[in-house]
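> got a predicted structure here, sequence first:
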Amino acid sequence: MASSQPLSPSHGSLQELAKEFKLGVPDRYIQEHRETTFVSNSSSPLPSIPVIDLNDFIISILESNNDQLKSLRSVCHEWGIFQLVNHGVDKLLVEKMKKETIEFFNLPLEEKLRYKLKGGDYQGYGQTILHSQDQKIDWADRFYMITNPLHRRKSHLLPDFPPSLRDTMENYLQELQKLAMTLFSLIGQAVNIDKQEMVDIFEDGMQSVRMTYYPPCPQPDLVMGLTPHSDAAGITILLQVNEVQGLQVKKDGVWFPVNFRPDAFVVNVGDILEIMSNGVYNSIEHRATVNTTNERISLAMFFNPKLEADVGPAKSLLTNTGEPPLYQTVVMEQYLKDFFSRKLNGKTFLEKMKIRNCESSET
Ligand SMILES: O=C(O)CCC(=O)C(=O)O
Ligand SMILES: [Fe+2]
């Protein structure tokens, strides 16, 4: 396990700083080894990420057919990401949440700095958390916090938000938690995990949120809005707040841009579902790019097991399929500690959870 203490970022807000970098980007932001993005043309068009329609499940359950579950399984296996439409969350609430998120980043700097990351913590407002002095900084400001369990909330964050943002966020959290439980149930069934096991693990689970602000950048091809990573979550439900595109996913070794549908949430399969499904599902590697003219804002919500739950291949899946476990099992609380003690780096954290052949033959 990496033991580096995160360094306190002293560089406050890029949203303000970026205004001074009109001509060029400082070295600390330049990513020398940035992988290129797929360029489409008439013979190789841009592949679009799959769309899952929640209404289709209601119909297929009524008709007792498994086709929808089969297609969900194949989407989570081959892609690990999909656009979810007819998700049932009130459109007005989604629009209000977008508006409040934009207003958060429009607050005067001194207001936002009330929520500033404090030394050694990973919750609050600021730039990339640094694990070493030479680490590159992403071209973004973020606000991250744990929203459930309630006793883990930091009193100077959500509870202390401007009332309209706080109330909208509370409603949004509740609605998305319900949606996440529906998705967990379907995604679990599609890979032979018992419904009750998903409920026991995810109901009232650990939930967190990240709002990200990507300023326009004079040299967008030199920086990264968000470093390539997979989410250390069960699932992530992602909202593109201001309709500026920038998310990319890595599929079969190639980076593809994702075009968000305005009526959809983007759902990512996270590392924990890859582990629970014993490797059937793929936690998608993704990154965010930026552009010269438009700021971009996103809101990601992460849904996880309870802090005291075991994270490992689902017991009912191993029993139902007779497969040996391909990943280790650790308690969620420890899993998170290990995750936050490292810098984001592709899928390397998930790799550490894999049981190697030599290890399994020794145990
Ligand atoms: O900004 C985006 O579209 C991606 C955000 C994301 O991947 C994250 O917050 O983990
Ligand atoms: Fe992510």
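Yep, that arrived. Ligands and ions are numbered 1, 2, ... in the order given.

> now for the helix or strand residue 181 falls within, which elements pack on it?
Using DSSP states H and E, residue 181 sits in helix 163-189. Applying 3 or more Cβ pairs under 8 Å, 6 or more residues apart in numbering; DSSP states H and E, we find helix 163-189 packed against helix 67-78, helix 91-106, strand 141-148, helix 195-202, strand 207-214, strand 235-240, strand 265-269, strand 296-303. Every C-beta, even on glycine, is put in place using the N, C-alpha and C of the backbone.

> interface residues of this structure facing ligand 1?
For the chain, the contact set with ligand 1 under Cβ under 6 Å from any ligand atom comprises 210, 212, 226, 231, 238, 247, 286, 288, 298, 300.

> ok, so of these, who is nearest residue 118?
Residue 118 has its nearest neighbour among the residues of the chain next to ligand 1 in residue 210, at 17.1 Å by Cβ to Cβ.

> just to check, the closest one is in contact with residue 140?
No - the criterion here is Cβ atoms under 8 Å, and residue 210 misses it with residue 140 at 10.2 Å.

> which of those two has more neighbours?
residue 140 (26 against 17; other Cβ atoms under 10 Å).

> pull the contacting residues for the more buried one.
14, 127-128, 212-215, 225-226, 288, 290 (Cβ atoms under 8 Å, 6 or more residues apart in numbering).

> how near is residue 68 to residue 118?
Between residue 68 and residue 118 the computed distance is 46 Å (Cβ to Cβ, to the nearest Å).

> more neighbours, those two?
residue 68 (21 against 13).

> residue ranges with poor pLDDT in this protein?
For the chain, applying pLDDT under 70 flags the ranges 1-11, 357-363.

> again, 80 this time
1-12, 61-62, 64, 119-120, 343-345, 357-363 (pLDDT under 80).

> which ones are touching the residue in the stretch 1-150 of the chain positioned nearest to ligand 1?
Closest residue of the stretch 1-150 of the chain to ligand 1, Cβ to the nearest ligand atom: residue 142 (7.4 Å). Listed by Cβ under 8 Å, 6+ apart, the contact partners of residue 142 are 125-128, 210-213.

> which residues in the stretch 201-350 of the chain form helices?
For the stretch 201-350 of the chain, the helices defined by DSSP state H, counting those that start in this stretch occupy 271-276, 315-321, 332-340, 348-353.

> to residue 200, which of these lies closest?
helix 315-321 (10.1 Å).

> contacts for the closest one?
Contact partners of helix 315-321, identified using Cβ under 8 Å, 6+ apart, comprise 191-194, 197, 276-278, 323-325.

> equivalent analysis for stretch 329-346, please.
By Cβ under 8 Å, 6+ apart, stretch 329-346 touches 1-4, 6, 122, 129-132, 135, 206, 227-230, 232, 272, 285, 304-313, 348-349, 352-353.

> just the buried residues out of those, in PyMOL syntax.
Written as a PyMOL command, the selection of buried residues from the contacts of stretch 329-346, which uses 16 or more other Cβ atoms under 10 Å, is:
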select buried, resi 6+122+129+130+131+135+206+227+228+229+230+232+272+285+304+305+306+307+309+310+311+312+313+349+353
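
> are any of the contacts of helix 315-321 buried, and if so which?
191-194, 276-278, 325.

> what two of the residues you listed have the greatest distance between them?
For the buried ones among the contacts of helix 315-321, the maximum inter-member distance is 16.4 Å, found between 194 and 325 (Cβ to Cβ).

> can you count the residues close to the residue nearest to residue 302 when sequence neighbours are not counted?
Excluding its sequence neighbours, the residue lying closest to residue 302 (Cβ to Cβ, 6 or more residues apart in numbering) is residue 233, at 4.0 Å. Under the neighbour criterion other Cβ under 10 Å, residue 233 is assigned a count of 27.

> is it true that residue 233 touches residue 311?
No - using Cβ under 8 Å, residue 233 is not in contact with residue 311, being 10.7 Å away.

> got any residues that touch both of the two?
Listed as contacting both residue 233 and residue 311 by Cβ under 8 Å, 6+ apart are residue 272.

> related to what we said a few turns ago, deepest of the helices of the stretch 201-350 of the chain, which one?
helix 271-276 (a mean of 27; mean count of other Cβ atoms under 10 Å).

> for that one, packing partners?
So helix 271-276, by 3+ Cβ pairs under 8 Å, 6+ apart, packs with strand 310-311, helix 348-353.

> partners of the shortest one, with directions?
Strand 310-311 has its sheet partners listed here by DSSP bridges as strand 330-331 (antiparallel).
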